[in-house]
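> show me how the following folds:
(one chain, ligands or ions: 1)
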Amino acid sequence: MAPANAGKRVKGVQIYRPFIYGTTARPFNDTDNPRPAHVPADHTHSWQVFVRGVEDVDVFYWLRRVQFKLHESIPNHLRTCDAEQIQRDNEGKPPAKQQRGFVVNETGWGEFEITIKLYYDSKSGEKPQTIYHHLRLHPYGRTDEEREAMRNNGTGEVLAWTYEEQLFNEPFDEFYKILTSGARDKGAPAPGAAGTGKGKGKGKSAAAPPSQKEEGDVKERSAMIPLTNRPGQPFSRETEQLEIKRIKEAEEKVTAMILELNKETTKKEAELAALKAANSNAAPA
Ligand code: SLL
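Residues are numbered from 1 along each chain as shown. Okay, here's the model as predicted:
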(Lines give C-alpha, C1' and ligand atoms only; values in the text may rest on other atoms or scores of the structure.)
Protein backbone atom coordinates (compact mmCIF):
# COMPACT_ATOMS: atom_id res chain seq x y z
CA MET A 1 0.00 0.00 0.00
CA ALA A 2 1.23 3.47 -0.78
CA PRO A 3 2.36 5.37 2.31
CA ALA A 4 0.47 8.63 2.97
CA ASN A 5 1.82 11.61 1.00
CA ALA A 6 4.59 9.54 -0.50
CA GLY A 7 3.67 10.58 -3.99
CA LYS A 8 3.96 8.36 -7.02
CA ARG A 9 6.47 5.69 -7.77
CA VAL A 10 9.46 6.85 -9.76
CA LYS A 11 9.11 4.72 -12.86
CA GLY A 12 12.04 2.86 -14.35
CA VAL A 13 14.32 3.60 -11.41
CA GLN A 14 16.12 1.17 -9.15
CA ILE A 15 18.18 2.33 -6.19
CA TYR A 16 20.32 -0.05 -4.17
CA ARG A 17 22.10 0.22 -0.87
CA PRO A 18 24.90 -2.14 0.17
CA PHE A 19 24.86 -3.53 3.70
CA ILE A 20 26.47 -6.29 5.73
CA TYR A 21 24.84 -8.74 8.11
CA GLY A 22 26.17 -11.63 10.11
CA THR A 23 27.77 -12.75 13.30
CA THR A 24 31.11 -12.36 15.07
CA ALA A 25 31.90 -14.86 17.81
CA ARG A 26 34.76 -15.30 20.28
CA PRO A 27 35.50 -18.21 22.60
CA PHE A 28 35.85 -17.23 26.24
CA ASN A 29 39.39 -17.37 27.57
CA ASP A 30 41.21 -16.28 30.69
CA THR A 31 43.28 -13.58 29.06
CA ASP A 32 41.27 -11.20 26.91
CA ASN A 33 37.75 -12.60 26.84
CA PRO A 34 36.93 -13.92 30.31
CA ARG A 35 33.43 -15.22 30.91
CA PRO A 36 31.54 -12.56 32.93
CA ALA A 37 30.44 -13.68 36.39
CA HIS A 38 26.72 -13.62 35.56
CA VAL A 39 27.12 -15.84 32.47
CA PRO A 40 26.20 -19.53 32.96
CA ALA A 41 29.16 -21.91 33.21
CA ASP A 42 28.13 -23.88 30.10
CA HIS A 43 28.40 -20.82 27.84
CA THR A 44 31.55 -21.09 25.77
CA HIS A 45 31.40 -18.00 23.54
CA SER A 46 30.44 -14.36 23.38
CA TRP A 47 28.90 -13.39 20.07
CA GLN A 48 27.15 -10.62 18.28
CA VAL A 49 24.69 -10.49 15.40
CA PHE A 50 24.41 -7.30 13.37
CA VAL A 51 23.07 -5.47 10.33
CA ARG A 52 25.10 -2.43 9.32
CA GLY A 53 26.43 -0.33 6.47
CA VAL A 54 29.65 -1.09 4.65
CA GLU A 55 32.40 0.70 6.60
CA ASP A 56 29.70 1.56 9.13
CA VAL A 57 28.04 4.25 7.03
CA ASP A 58 24.52 5.22 8.09
CA VAL A 59 21.72 2.79 7.25
CA PHE A 60 19.13 4.38 9.52
CA TYR A 61 17.72 6.61 6.77
CA TRP A 62 16.38 3.58 4.88
CA LEU A 63 16.20 0.88 7.54
CA ARG A 64 14.13 1.85 10.57
CA ARG A 65 14.02 -1.37 12.57
CA VAL A 66 15.60 -4.81 12.70
CA GLN A 67 14.16 -7.70 14.62
CA PHE A 68 16.48 -10.57 15.49
CA LYS A 69 14.83 -13.87 16.38
CA LEU A 70 17.32 -15.91 18.39
CA HIS A 71 17.12 -19.52 19.55
CA GLU A 72 14.23 -20.13 21.89
CA SER A 73 16.61 -21.39 24.60
CA ILE A 74 17.79 -17.81 24.99
CA PRO A 75 15.82 -15.65 27.41
CA ASN A 76 13.81 -12.95 25.67
CA HIS A 77 14.74 -14.42 22.29
CA LEU A 78 12.93 -11.81 20.16
CA ARG A 79 15.11 -8.71 20.07
CA THR A 80 13.95 -5.57 18.35
CA CYS A 81 16.32 -2.72 17.57
CA ASP A 82 14.88 0.62 16.52
CA ALA A 83 16.93 3.18 14.59
CA GLU A 84 15.21 6.02 16.43
CA GLN A 85 16.15 4.59 19.81
CA ILE A 86 19.74 3.92 18.75
CA GLN A 87 20.05 7.46 17.44
CA ARG A 88 18.62 8.87 20.66
CA ASP A 89 21.14 6.83 22.64
CA ASN A 90 23.90 8.09 20.37
CA GLU A 91 23.16 11.74 21.07
CA GLY A 92 25.98 13.48 22.85
CA LYS A 93 28.38 10.57 22.38
CA PRO A 94 31.60 11.08 20.44
CA PRO A 95 31.39 9.57 16.90
CA ALA A 96 33.69 6.69 17.81
CA LYS A 97 31.29 5.61 20.59
CA GLN A 98 28.12 5.87 18.53
CA GLN A 99 26.34 2.73 17.39
CA ARG A 100 26.13 2.78 13.61
CA GLY A 101 24.03 -0.29 12.95
CA PHE A 102 21.63 -2.78 14.52
CA VAL A 103 23.41 -5.05 16.99
CA VAL A 104 22.61 -7.70 19.58
CA ASN A 105 25.32 -9.03 21.90
CA GLU A 106 24.88 -12.43 23.52
CA THR A 107 26.67 -15.42 24.99
CA GLY A 108 25.97 -19.11 24.54
CA TRP A 109 27.19 -22.59 23.71
CA GLY A 110 25.46 -23.57 20.48
CA GLU A 111 25.01 -22.55 16.88
CA PHE A 112 21.59 -21.93 15.35
CA GLU A 113 19.82 -20.03 12.64
CA ILE A 114 18.92 -16.42 13.37
CA THR A 115 15.90 -14.90 11.66
CA ILE A 116 16.52 -11.26 10.79
CA LYS A 117 13.52 -9.16 9.86
CA LEU A 118 14.19 -5.83 8.18
CA TYR A 119 11.68 -2.97 8.47
CA TYR A 120 12.19 -0.15 6.02
CA ASP A 121 11.67 3.58 6.38
CA SER A 122 7.94 4.22 6.60
CA LYS A 123 8.09 6.48 3.53
CA SER A 124 9.31 3.54 1.45
CA GLY A 125 6.00 1.70 1.55
CA GLU A 126 8.03 -1.52 1.47
CA LYS A 127 6.88 -4.59 3.39
CA PRO A 128 9.31 -6.01 5.93
CA GLN A 129 11.67 -8.62 4.59
CA THR A 130 13.20 -11.62 6.30
CA ILE A 131 16.72 -12.95 5.90
CA TYR A 132 18.33 -15.89 7.66
CA HIS A 133 21.76 -16.21 9.12
CA HIS A 134 23.52 -19.16 10.73
CA LEU A 135 25.40 -18.18 13.88
CA ARG A 136 28.92 -19.64 13.63
CA LEU A 137 30.88 -20.25 16.80
CA HIS A 138 33.33 -22.73 15.25
CA PRO A 139 35.22 -22.25 12.01
CA TYR A 140 34.37 -24.88 9.44
CA GLY A 141 35.71 -25.95 6.09
CA ARG A 142 37.27 -28.90 4.29
CA THR A 143 40.83 -27.75 4.87
CA ASP A 144 42.78 -25.94 7.59
CA GLU A 145 43.11 -23.07 5.16
CA GLU A 146 39.34 -22.82 4.69
CA ARG A 147 38.80 -22.96 8.43
CA GLU A 148 41.49 -20.37 9.02
CA ALA A 149 39.84 -18.03 6.52
CA MET A 150 36.86 -17.78 8.89
CA ARG A 151 39.08 -16.47 11.67
CA ASN A 152 39.82 -12.79 11.84
CA ASN A 153 43.63 -12.73 11.57
CA GLY A 154 44.58 -14.27 14.85
CA THR A 155 42.07 -12.29 16.93
CA GLY A 156 40.25 -15.50 17.82
CA GLU A 157 37.08 -14.09 16.30
CA VAL A 158 34.97 -16.32 14.07
CA LEU A 159 33.41 -14.20 11.37
CA ALA A 160 30.35 -15.20 9.36
CA TRP A 161 29.53 -12.05 7.43
CA THR A 162 27.46 -11.60 4.31
CA TYR A 163 27.48 -8.69 1.90
CA GLU A 164 24.05 -7.82 0.53
CA GLU A 165 22.46 -5.14 -1.58
CA GLN A 166 18.99 -3.89 -0.81
CA LEU A 167 17.20 -3.01 -4.00
CA PHE A 168 14.40 -0.45 -4.06
CA ASN A 169 12.51 -0.91 -7.27
CA GLU A 170 10.61 2.16 -8.48
CA PRO A 171 10.65 3.82 -5.06
CA PHE A 172 7.93 6.26 -4.02
CA ASP A 173 8.78 9.84 -4.82
CA GLU A 174 9.22 10.94 -1.21
CA PHE A 175 11.46 7.97 -0.39
CA TYR A 176 13.40 8.45 -3.63
CA LYS A 177 14.20 11.96 -2.43
CA ILE A 178 15.47 10.62 0.88
CA LEU A 179 17.63 8.03 -0.88
CA THR A 180 19.09 10.52 -3.32
CA SER A 181 19.41 13.54 -1.07
CA GLY A 182 23.11 13.62 -1.87
CA ALA A 183 26.16 11.57 -1.01
CA ARG A 184 28.39 13.17 1.58
CA ASP A 185 31.55 12.47 3.49
CA LYS A 186 31.37 9.81 6.16
CA GLY A 187 29.85 11.09 9.39
CA ALA A 188 28.61 14.32 7.81
CA PRO A 189 25.00 15.15 8.68
CA ALA A 190 22.30 15.35 6.05
CA PRO A 191 21.87 18.93 4.86
CA GLY A 192 18.76 20.44 6.41
CA ALA A 193 17.96 17.15 8.09
CA ALA A 194 17.13 18.57 11.51
CA GLY A 195 13.44 18.28 12.22
CA THR A 196 12.53 16.49 9.02
CA GLY A 197 10.46 13.36 8.91
CA LYS A 198 8.91 13.40 12.38
CA GLY A 199 12.08 12.91 14.36
CA LYS A 200 13.36 10.12 12.18
CA GLY A 201 16.72 11.29 13.35
CA LYS A 202 18.12 11.62 9.87
CA GLY A 203 21.65 12.88 10.09
CA LYS A 204 21.34 13.54 13.79
CA SER A 205 24.59 11.77 14.45
CA ALA A 206 27.47 14.13 15.01
CA ALA A 207 29.84 14.58 12.10
CA ALA A 208 33.18 12.84 12.25
CA PRO A 209 35.99 15.33 12.59
CA PRO A 210 37.74 15.89 9.23
CA SER A 211 40.90 14.23 10.56
CA GLN A 212 39.03 10.88 10.60
CA LYS A 213 38.48 11.03 6.89
CA GLU A 214 40.59 8.82 4.73
CA GLU A 215 41.25 8.61 1.03
CA GLY A 216 38.82 6.18 -0.62
CA ASP A 217 36.29 6.29 2.24
CA VAL A 218 32.82 5.35 1.17
CA LYS A 219 30.36 8.19 1.35
CA GLU A 220 27.22 8.43 3.45
CA ARG A 221 23.96 8.00 1.56
CA SER A 222 25.67 6.44 -1.42
CA ALA A 223 25.84 2.95 -2.88
CA MET A 224 29.64 2.97 -2.69
CA ILE A 225 31.81 0.18 -1.43
CA PRO A 226 35.52 0.70 -0.74
CA LEU A 227 38.09 0.18 -3.48
CA THR A 228 40.32 -2.03 -1.39
CA ASN A 229 40.05 -4.16 1.74
CA ARG A 230 41.04 -2.83 5.11
CA PRO A 231 41.31 -4.59 8.46
CA GLY A 232 37.78 -5.45 9.57
CA GLN A 233 36.33 -4.43 6.20
CA PRO A 234 36.42 -7.47 3.92
CA PHE A 235 33.98 -6.22 1.29
CA SER A 236 35.37 -4.01 -1.45
CA ARG A 237 35.80 -3.71 -5.21
CA GLU A 238 38.98 -5.71 -4.68
CA THR A 239 37.00 -8.61 -3.14
CA GLU A 240 34.50 -8.33 -5.99
CA GLN A 241 37.27 -8.53 -8.61
CA LEU A 242 38.79 -11.56 -6.88
CA GLU A 243 35.39 -13.21 -6.79
CA ILE A 244 34.82 -12.48 -10.48
CA LYS A 245 38.25 -13.94 -11.25
CA ARG A 246 37.46 -17.06 -9.23
CA ILE A 247 34.13 -17.53 -11.03
CA LYS A 248 35.81 -17.01 -14.42
CA GLU A 249 38.51 -19.55 -13.63
CA ALA A 250 35.90 -22.03 -12.44
CA GLU A 251 33.88 -21.44 -15.62
CA GLU A 252 36.95 -22.08 -17.78
CA LYS A 253 37.67 -25.24 -15.84
CA VAL A 254 34.11 -26.48 -16.33
CA THR A 255 34.23 -25.65 -20.07
CA ALA A 256 37.52 -27.58 -20.41
CA MET A 257 35.99 -30.54 -18.55
CA ILE A 258 32.95 -30.52 -20.84
CA LEU A 259 35.19 -30.45 -23.93
CA GLU A 260 37.23 -33.34 -22.57
CA LEU A 261 34.08 -35.35 -21.84
CA ASN A 262 32.70 -34.61 -25.32
CA LYS A 263 35.94 -35.87 -26.88
CA GLU A 264 35.75 -38.95 -24.72
CA THR A 265 32.12 -39.55 -25.77
CA THR A 266 32.94 -39.14 -29.48
CA LYS A 267 35.75 -41.66 -29.09
CA LYS A 268 33.50 -44.12 -27.26
CA GLU A 269 30.77 -43.68 -29.90
CA ALA A 270 33.28 -44.42 -32.67
CA GLU A 271 34.42 -47.51 -30.78
CA LEU A 272 30.83 -48.60 -30.33
CA ALA A 273 30.07 -48.10 -34.04
CA ALA A 274 33.20 -50.11 -34.97
CA LEU A 275 32.22 -52.93 -32.59
CA LYS A 276 28.68 -52.97 -33.97
CA ALA A 277 30.01 -53.10 -37.53
CA ALA A 278 32.42 -55.90 -36.62
CA ASN A 279 29.59 -57.72 -34.86
CA SER A 280 27.19 -57.51 -37.80
CA ASN A 281 29.94 -58.63 -40.20
CA ALA A 282 30.74 -61.62 -38.04
CA ALA A 283 27.12 -62.57 -37.46
CA PRO A 284 25.80 -65.43 -39.56
CA ALA A 285 23.42 -64.31 -42.28
C1 SLL B 1 22.15 -27.23 19.04
N2 SLL B 1 20.42 -26.52 17.55
O3 SLL B 1 21.49 -28.18 19.43
C4 SLL B 1 21.40 -26.06 18.43
C5 SLL B 1 20.80 -25.27 19.51
C6 SLL B 1 21.10 -23.47 21.10
C7 SLL B 1 22.04 -22.49 21.60
C8 SLL B 1 21.71 -24.27 20.00
C9 SLL B 1 21.73 -21.07 24.98
C10 SLL B 1 22.07 -19.75 25.51
C11 SLL B 1 21.37 -19.46 26.78
C12 SLL B 1 22.42 -21.37 23.67
O13 SLL B 1 23.55 -21.13 23.38
N14 SLL B 1 21.59 -21.99 22.85
O15 SLL B 1 21.05 -20.37 27.52
O16 SLL B 1 21.20 -18.25 27.03
O17 SLL B 1 23.36 -27.18 19.04
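> how many residues are close by Arg151?
13 (other C-beta atoms under 10 Å). In this view, the C-beta of every residue, glycine as well, is placed from N, C-alpha and C.
> would you confirm that it contacts Val158?
Yes. Assessed by C-beta atoms under 8 Å, Arg151 is found in contact with Val158 at 6.2 Å.
> elements contacting the helix or strand of the chain with the lowest mean pLDDT?
For the chain, counting by mean pLDDT, DSSP states H and E, helix 144-149 ranks last in confidence among helices and strands (a mean of 83). If contacts are counted by 3 or more C-beta pairs under 8 Å, 6 or more residues apart in numbering; DSSP states H and E, helix 144-149 sits against no helix or strand.
> could you list the buried residues of that helix?
Residues of helix 144-149 classed as buried: none (neighbour count, 16 or more other C-beta atoms under 10 Å).
> what's downstream of it, the next helix or strand?
strand 158-169 (DSSP states H and E).
> which strands and helices sit next to that following strand?
Contacts defined by 3+ C-beta pairs under 8 Å, 6+ apart place strand 158-169 against strand 14-27, strand 129-134.
> could you check the angle strand 14-27 makes with it?
170 degrees (axes from the mean of the first three to the mean of the last three C-alpha atoms, to 10 degrees).
> pLDDT of the longest helix seen in the chain, averaged?
Secondary structure of the chain read by DSSP state H shows that its longest helix is helix 237-282. Here helix 237-282 scores 96 as its mean pLDDT.
> what do you get for stretch 104-116?
Stretch 104-116 comes out at a mean pLDDT of 98.
> span of it from start to end?
End-to-end distance of stretch 104-116 (C-alpha to C-alpha, to the nearest Å): 11 Å.
> residues contacting it, please?
Under the contact criterion C-beta atoms under 8 Å, 6 or more residues apart in numbering, stretch 104-116 has outside partners 21, 23, 28, 35-36, 39, 42-51, 66-71, 73-74, 79, 81, 130-138.
> any idea how far that stretch is from the middle of the chain?
Centroid separation for stretch 104-116 versus its chain: 16 Å, with C-alpha atoms, centre = their mean, to the nearest Å.
> same question, stretch 141-151
Mean-position distance between stretch 141-151 and its chain equals 20 Å (C-alpha atoms, centre = their mean).
> stretch 94-101 too?
Taking C-alpha atoms, centre = their mean, one finds stretch 94-101 lying 19 Å from the centre of the chain it belongs to.
> what residues are shared contacts of Arg151 and Val158?
Contact with both Arg151 and Val158 is made by residues Pro139, according to C-beta under 8 Å, 6+ apart.
> number of nearby residues for Pro171?
Using other C-beta under 10 Å, Pro171 has 27 neighbouring residues.
> same thing with His133?
20.
> same deal with Pro3?
By other C-beta under 10 Å, neighbour count at Pro3 equals 15.
> any idea how far the one residue in the stretch 151-285 of the chain that gets nearest to the ligand is from Lys69?
With C-beta to the nearest ligand atom, the shortest gap between the stretch 151-285 of the chain and the ligand falls at Val158, namely 14.4 Å. Between Val158 and Lys69 the computed distance is 21 Å (C-beta to C-beta, to the nearest Å).
> between these two, which one's more packed in?
For the pair Val158 and Lys69, the greater number of neighbours falls to Val158 (22 against 17), based on other C-beta under 10 Å.
> which pLDDT value goes with the more buried one?
93.
> give the contact list for it.
24-26, 136-139, 150-152.
> of those residues, keep whichever come out buried.
24-26, 136-137, 139, 150, 152.
> same list (the residues you listed) but as JSON lines, adding pLDDT and distance to the ligand.
Listed next are the buried ones among the contacts of Val158 as JSON lines, based on pLDDT from 0 to 100; distance: C-beta to the nearest ligand atom, whole Å:
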{"residue": "Thr24", "pLDDT": "96", "distance to the ligand": "15"}
{"residue": "Ala25", "pLDDT": "96", "distance to the ligand": "11"}
{"residue": "Arg26", "pLDDT": "95", "distance to the ligand": "14"}
{"residue": "Arg136", "pLDDT": "96", "distance to the ligand": "12"}
{"residue": "Leu137", "pLDDT": "96", "distance to the ligand": "9"}
{"residue": "Pro139", "pLDDT": "89", "distance to the ligand": "16"}
{"residue": "Met150", "pLDDT": "78", "distance to the ligand": "18"}
{"residue": "Asn152", "pLDDT": "73", "distance to the ligand": "21"}
